[in-house]
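Colleague: Here is the input, now give the coordinates:
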Amino acid sequence: MVAHIEPLVMALREQLVKLMSRLDALRYSPVTPELIDEVLDLDYQGGRLSRRLRILDVEGLLNLSALAPTQAAQLARVAVDEIREGCRRREIDLDVRLATTLPHVLVDADQLVEAVRCALDAAIDTIERGGRIDVSAVAAERGVEIRVAYSAHRGETPDVGSSVALLIAHQLVGALGGEVAVTRANESTEVALVLPQSLVARGGANRALANRTWIFPTPSAA
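Modeller: All right, here's what the predicted structure looks like:
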């Protein structure tokens with residue numbers, strides 16, 4: 001595991017232990033709507049933490065499989081649908097504008113969904129409650145861009161969960177030959193997942209490229 005990932009993994013483990021302790025403390029609490037909301041939120045957080053730990057620590061191994069022509073906006077919608085309920089519980093407004101005429105791009109569908117989900121998770125971690133998230137997918141000069149813009153920062157220092165989410169997004173999109181551009185202005189932040197023109201499948205060409213490569217180093221114990 002690369003050195004700069006180790007502190008993030010330790011921090012994630014600490015967060016997971018605290019979350020499990022909180023769940024244990026709620027076992028004998030009276031069942032109320034507030035309790036149900038908190039348990040659902042803890043379950044959602046636990047799922048995110050576990051997934052990131054698998055990627056960074058246990059597996060080290062998020063790998064690219066076959067690249068195939070894919071509609072980026074459809075994959076972005078899959079990621080958005082997964083966080084809708086969490087946003088509703090946190091009273092976060094979610095505005096989604098995904099162009100339906102985007103060119104196909106040569107990507108691994110699962111990896112791109114995970115990258116978009118990480119960008120969305122970073123937004124949720126930062127906002128915490130209230131605020132707004134805008135999601136769009138457009139054809140731009142740099143290529144196809146999936147943008148996640150949000151406001152209502154809760155502090156100057158990003159949450160460690162947000163840092164890990166963006167790290168994973170950077171690695172995933174970078175492994176595809178793209179980049180993640182983060183722009184901050186006042187209390188607003190935009191995370192743009194840029195899939196360059198080189199990934200555009202001309203005319204939706206029906207081809208797949210086998211390209212197995214490790215995104216994160218394989219753990220030494222493997």
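Colleague: Tell me the pLDDT of the residue of the chain positioned farthest from its centre.
Modeller: Here the chain reaches farthest from its C-alpha mean at residue 30, the gap being 34.0 Å by Cα atoms, centre = their mean. With respect to pLDDT, residue 30 scores 90.
Colleague: likewise residue 73?
Modeller: Residue 73 carries a pLDDT score of 90 in this model.
Colleague: quick one, what contacts it?
Modeller: Listed by Cβ atoms under 8 Å, 6 or more residues apart in numbering, the contact set of residue 73 reads 98-100, 102, 137, 146. Every C-beta, even on glycine, is put in place using the N, C-alpha and C of the backbone.
Colleague: among these, which two are most distant?
Modeller: Using Cβ to Cβ, the pair of the contacts of residue 73 lying farthest apart is 100 and 146, separated by 13.9 Å.
Colleague: what about those two, which has more around it?
Modeller: Using other Cβ atoms under 10 Å as the criterion, residue 100 and residue 146 rank with residue 146 on top: 27 against 8.
Colleague: State the distance from the more buried one to residue 83.
Modeller: To residue 83, residue 146 is 14 Å away according to Cβ to Cβ, to the nearest Å.
Colleague: Then residue 199?
Modeller: With Cβ to Cβ as the criterion, residue 199 and residue 83 are 25 Å apart.
Colleague: low pLDDT regions in the chain?
Modeller: For the chain, applying pLDDT under 70 flags the ranges 1-5, 8, 55-66, 152-163, 201-222.
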